[in-house]
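Engineer: Only the shape, not the letters, is given here:
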């Protein structure tokens with residue numbers, strides 16, 4: 001049984017090797033290919049360890065520009081929404 005499995009494996013490897021000839025024509029141009037950097041442009045470096053939290057120290061004016069008044073109140077001034085006003089209730 002083991003012999004038959006090995007024989008089948010070698011047959012399949014040989015059959016696929018014969019059909020794997022590349023049909024892509026090589027580039028004949030003397031130009032070098034230009035590869036663009038696809039690294040995301042992070043304002044802050046992502047954490048080295050997944051789940052790690054890093055403190056972002058910015059001024060209150062910075063956060064006031066970035067957040068809506070409601071977000072600023074909740075996130076920076078520790079405000080909360082009035083009770084029974086959530087869409088989930």
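Structural biologist: Received it, and whenever you're ready, just let me know what you need. Not measured: the values here are computed from a predicted model. Numbers count the residues shown, from 1 in each chain.
Engineer: Which helix or strand in the chain has the lowest average pLDDT?
Structural biologist: Least confident helix or strand, the chain: helix 2-18 with a mean of 71, by mean pLDDT, DSSP states H and E.
Engineer: what's downstream of it, the next helix or strand?
Structural biologist: helix 60-66 (DSSP states H and E).
Engineer: Buried residues in the helix or strand that that following helix is followed by, which are they?
Structural biologist: Remark: after helix 60-66, the chain's next helix or strand is helix 69-75, criterion DSSP H and E. Within helix 69-75, the residues that count as buried by 16 or more other CB atoms under 10 Å are residue 72. In this view, the C-beta of every residue, glycine as well, is placed from N, C-alpha and C.
Engineer: Could you report the neighbour count for residue 35?
Structural biologist: By other CB atoms under 10 Å, 6 other residues sit near residue 35.
Engineer: Quick check: it vs residue 28, distance?
Structural biologist: According to CB to CB, to the nearest Å, residue 35 stands 19 Å off from residue 28.
Engineer: next one: residue 57
Structural biologist: Applying CB to CB, the value for residue 57 to residue 28 is 56 Å.
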